[in-house]
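Q: Fold the following and give me the result.
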Amino acid sequence: MENKYSEIVKHIPNLKDHGHLYMYYGTPYSDECDIYEDYNDDGYLIVSHECDSLCCAIADKFEYDYEWLDILDEHEIVFEKIFDIDVENQDIDVVIALLLYLVGSITYEDKFIDALSNNYLIRLIERLKQFE
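A: From the prediction side, this is the model:
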């Protein structure tokens with residue numbers, strides 16, 4: 001029997017092993033990724049198929065049931081300071097809202113890449129797993 005968040009939490013081992021390769025700017029490491037025209041000093045935006053799978057799983061599971069912006073606003077969470085939030089003590093609504101925010105942020109800033117680099121995304125998903 002699958003847990004209700006299994007499509008998301010199954011990414012934890014891969015994120016721990018090579019999360020920095022889920023999404024980054026640079027040169028593709030394999031054919032298992034997509035290259036986007038976004039470019040910075042480090043190269044093109046590279047998005048692995050694993051990253052796409054994770055983002056789709058988060059969106060498919062939560063996007064219609066959670067108003068992430070309202071939840072973050074209710075908890076007075078400021079986007080610029082999300083990495084200062086003690087994830088391990090947040091309720092499920094905040095965890096889900098933060099996951100949705102990070103997925104949505106892909107289109108307009110590098111918060112998702114930062115969350116991969118500083119293990120924030122892993123911490124959020126591990127916290128989500130505690131609610132299964």
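Q: use CA for all of it now, contacts and neighbours both
A: Will do.
Q: Quick check: what element follows the helix or strand containing L72 along the chain?
A: Assessed by DSSP states H and E, L72 sits inside helix 68-74. Per DSSP H and E, helix 68-74 leads on to helix 92-105 as the next helix or strand towards the C-terminus.
Q: If you count neighbours, what's buried in that following helix?
A: Neighbour counts over helix 92-105 (16 or more other C-alpha atoms under 10 Å) mark I92, D93, V94, V95, I96, A97, L98, L99, L100, Y101, L102, V103 as buried.
Q: got a list of contacts for stretch 34-50?
A: Here stretch 34-50 makes contact (C-alpha atoms under 8 Å, 6 or more residues apart in numbering) with L21, Y22, M23, Y24, Y25, G26, T27, P28, E32, C33.
Q: ok, now stretch 96-104?
A: Applying C-alpha under 8 Å, 6+ apart, the external contacts of stretch 96-104 come out as 55, 58-59, 62-63, 66-69, 71-72, 82, 111-112, 115, 121, 124, 128.
Q: then it to PDB, C-alphas only?
A: C-alpha atoms of stretch 96-104 as PDB (Å, rounded to 0.1, in the frame of the first residue of the first chain):
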ATOM      1  CA  ILE A  96       2.900  22.200   1.700                       C
ATOM      2  CA  ALA A  97       2.600  25.900   1.100                       C
ATOM      3  CA  LEU A  98       6.400  26.200   1.100                       C
ATOM      4  CA  LEU A  99       6.800  23.300  -1.300                       C
ATOM      5  CA  LEU A 100       4.200  24.900  -3.600                       C
ATOM      6  CA  TYR A 101       6.000  28.200  -3.400                       C
ATOM      7  CA  LEU A 102       9.400  26.600  -4.300                       C
ATOM      8  CA  VAL A 103       7.900  24.800  -7.300                       C
ATOM      9  CA  GLY A 104       6.200  28.000  -8.400                       C
END
